[in-house]
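Q: coordinates for the following, if possible.
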Amino acid sequence: MHPFSWGTLFEATWLVWLLYWFWSARGVKAAAREDGWAAMLAYRIPVMLGFGLLVALGQGAGDSWLYRHVPSAGAWAPPLGWLLLLMGLGFACWARVVLGRNWSATVQLKQDHELVVAGPYRWVRHPIYTGMLLGVLGTLLAIGAWPGLLALALVGAGFWLKLRHEERWMREQFGAAYVDYMRRVKALVPGLL
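A: Modelled structure (predicted):
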């Protein structure tokens, strides 16, 4: 019997979520307007670099600066990190279900696009990003390596660029209704950001 491994549990959790994410992309509405390659790369590159760094940190061992651990991270860090990962990915999945056929991996306006403000969209305008950032935070807490903060910053910067771009299109599409929604509901952190 193999000994329990937090690393394997984190990897399996992210993998199950990723498989669900790809599977649930079936049946979305056709795009009426799509993002160009340059704009897409502007937000995808930091996100991919951040997740790449997170994976590298999760695989690491040794004396390299990349794997220097936070001294205060103890036995409590992996279970708390996994709880944050589950909460974050669960929140992102809930948002994806509520968004339904309006979802897309890139910035798009769908045919018959609807403004969704129910479910987790009552608390934040971009709950998928909020959930994924919480998942990254939980993962880096469990890894306990300082450069994990860089991974979080890269993913956060990529999502911030993407949400700013999305919101320009949403304001064009929904006008005053979206501006009012922006006034009432924060982008990523309820009541703060």
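
Q: what is the burial count for the closest residue to L99 other than its chain neighbours?
A: Leaving aside its chain neighbours, L99 sits nearest to V116 (5.5 Å; criterion: CB to CB, 6 or more residues apart in numbering). Heads up, the C-betas are built off the backbone N, CA and C, glycines and all. Counted with other CB atoms under 10 Å, residues neighbouring V116 total 16.

Q: equivalent analysis for L41, please.
A: 12.

Q: need the residue closest to the centroid of this structure.
A: Nearest to the mean C-alpha position of the chain, by CA atoms, centre = their mean, lies M132 at 2.6 Å.

Q: now the helix or strand where that residue lies: mean pLDDT?
A: Element membership for M132, per DSSP states H and E: helix 127-143. In this model, helix 127-143 has an average pLDDT of 95.

Q: check the offset of stretch 106-116 from the chain's centre.
A: Here the centre of stretch 106-116 is set off from its chain's centre by 19 Å, with CA atoms, centre = their mean, to the nearest Å.

Q: contacts only, for the residue nearest to the centre of the chain.
A: Neighbouring residues of M132 by CB atoms under 8 Å, 6 or more residues apart in numbering: G88, L89, A92, V155, F159.

Q: so the first one sits against Y129, correct?
A: Spelled out, it's G88. No - G88 is beyond contact range of Y129, at 10.1 Å (criterion: CB atoms under 8 Å).
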